[in-house]
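Colleague: below is the sequence, then the predicted model.
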Amino acid sequence: MVELKEITRDNYLDCLGLRVKQEQDNMVATNSFSLAQAKFHPECVPLAVYSGNTMVGFVMYCLDADDGNYWIWRLMIDREHQGKGFGRGAMTALLQKMQQEHNCDLVLISFHPDNTPAEKLYSSLGFVHTGRQVDGETVMELRY
């Protein structure tokens with residue numbers, strides 16, 4: 001089970017310490033970049049993914065000013081915690097939060113085309129391909 005928590009002055013260093021596997025480095029932005037992005041894009045909501053008292057990952061979503069849709073901009077699980085269901089748990093918790101707080105009827109996500117595990121996860125959660133690419137990434141959507 002996972003819990004999403006706010007990133008604060010008390011836990012941001014833990015967030016900065018999370019890392020994906022080396023072969024995944026080109027597939028997801030670093031958490032330092034994501035937190036900086038959230039600072040200058042106040043529509044972004046960065047959240048820590050916890051299992052008990054341990055931060056195991058990071059997610060970030062936003063309301064895109066250009067298209068008016070909610071996007072999941074980041075999902076990363078630390079390399080030491082991958083393969084334990086935390087990605088699915090984080091996505092499920094995030095989608096529930098977005099639905100409860102924003103009542104969104106459409107959620108979009110994009111990912112590096114070589115990231116087959118991400119594609120499988122998103123498909124299993126009900127996301128479908130849109131046929132679009134944004135900044136070289138494949139776009140999928142979930143409609144409620």
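Modeller: Perfect, I can see it now. Residues are numbered from 1 along each chain as shown.
Colleague: any idea how far stretch 12-21 is from the chain center?
Modeller: 14 Å (C-alpha atoms, centre = their mean, to the nearest Å).
Colleague: restrict that stretch to CA atoms and write it as CSV.
Modeller: The C-alpha trace of stretch 12-21 is given here as CSV (Å, rounded to 0.1, in the frame of the first residue of the first chain):
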residue,chain,number,x,y,z
TYR,A,12,12.6,17.2,-0.2
LEU,A,13,16.1,15.9,0.4
ASP,A,14,14.8,12.3,0.5
CYS,A,15,13.0,13.1,-2.8
LEU,A,16,16.2,14.4,-4.4
GLY,A,17,18.0,11.2,-3.3
LEU,A,18,15.7,8.9,-5.2
ARG,A,19,17.1,7.4,-8.4
VAL,A,20,15.9,5.2,-11.2
LYS,A,21,18.0,2.4,-12.7
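Colleague: just the buried positions in the longest strand along the chain, please.
Modeller: Scanning the chain for the longest strand, with DSSP state E as the assignment, gives strand 54-63. Within strand 54-63, the residues that qualify as buried are 55, 56, 57, 58, 59, 60, 61, 62, counting by 16 or more other C-beta atoms under 10 Å. For the C-beta atoms, the positions are set from N, CA and C on the backbone; glycine is no exception.
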